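Enquirer: pasted the sequence and its predicted model underneath.
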Amino acid sequence: MTLTPDDVLLETEEGLEKSYEHLRKEFRSMRTGRANPGLIENIKVEYYGSDTPLKQLANIGVPDPTQLLIKPYDASMVGKIEKAILKSDIGITPNSDGKVVRLSIPPLSEERRKKLVQLAKKAAEASKVAMRNQRRDANKQIPKIDSLPEDSQKQLKGEIQDLLKSYEGKVDELVGAKTAELMEI
């Protein structure tokens, strides 16, 4: 198979998109002072011998901004769901009436908010590093393209750099939005 400039650009964009989506997923599971199903939907619950994400076993609702309501499709799973939530590192104790599980999300302290903002910025920087590694790998592929003139190689490197800058901008917007969400009371 012959490598083309379009292949390099496409591969780079796919890698950048994966890094960006990973960061978005990480931010969704980050606890804020508000109820968010993303906080618990990927908690693994033991279901007939296999670990299954909670979102596949129950309906997760937000009846008010400080509470999550978990309605299992199978009522016998309530106890296992409670145990899985207790084992997870979200730090919230579940309440159950035998049919549904309720999670009350307590407000975050100022100190905890600041730590979460630091964690968000750290995750964003790690994502940017992964994106820069994608650029480096793409730039290493350019000389391997058969019969590509030097000025076209420079142009392709410029396009890759522009692509990287646009994704870094998206990451900055995302971290800004998450910081604002964390710091609001």
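Expert: Happy to help now that I have it.
Enquirer: secondary structure element for the most centrally placed residue in the chain?
Expert: Central residue of the chain (CA atoms, centre = their mean): K25, 1.5 Å from the mean position. Element membership for K25 (DSSP states H and E) is helix 5-28.
Enquirer: which parts of that helix are buried?
Expert: By neighbour count on 16 or more other CB atoms under 10 Å, the buried set for helix 5-28 is P5, V8, T12, E13, G15, L16, S19, Y20, L23, E26, F27. From N, CA and C alone the C-beta is placed, and that goes for glycine too.
Enquirer: what pLDDT, on average, does it get?
Expert: Averaging pLDDT along helix 5-28 yields 92.
Enquirer: following it, which helix or strand comes up?
Expert: Downstream of helix 5-28, the first helix or strand assigned by DSSP H and E is strand 44-47.
Enquirer: now the strands for the protein?
Expert: 44-47, 50-53, 58-64, 67-72, 95-96, 101-104 (DSSP state E).
Enquirer: now do the lengthiest helix in the chain: distance to the chain's middle.
Expert: Scanning the chain for the helix with the most residues, using DSSP state H, yields helix 150-183. Helix 150-183 sits 17 Å away from the centroid of its parent chain (CA atoms, centre = their mean, to the nearest Å).
Enquirer: do the same with stretch 133-150
Expert: 30 Å.
Enquirer: over to stretch 61-70?
Expert: Centre-to-centre, stretch 61-70 and its host chain are 21 Å apart (CA atoms, centre = their mean).
Enquirer: how about stretch 102-111?
Expert: With CA atoms, centre = their mean, you get 21 Å for stretch 102-111.
Enquirer: the domain parsing of the protein - what is it?
Expert: Using automatic domain parsing, the domain ranges for the chain come out as 5-29+109-183, 37-104.
Enquirer: mean pLDDT lowest where, among those domains?
Expert: Minimum mean pLDDT among the domains of the chain: domain 37-104, a mean of 89.
Enquirer: quick one: terminal-to-terminal distance for it?
Expert: End-to-end span of domain 37-104 (CA to CA, to the nearest Å): 12 Å.
Enquirer: compute the number of surrounding residues for P72.
Expert: By the criterion of other CB atoms under 10 Å, P72 has 20 neighbours.
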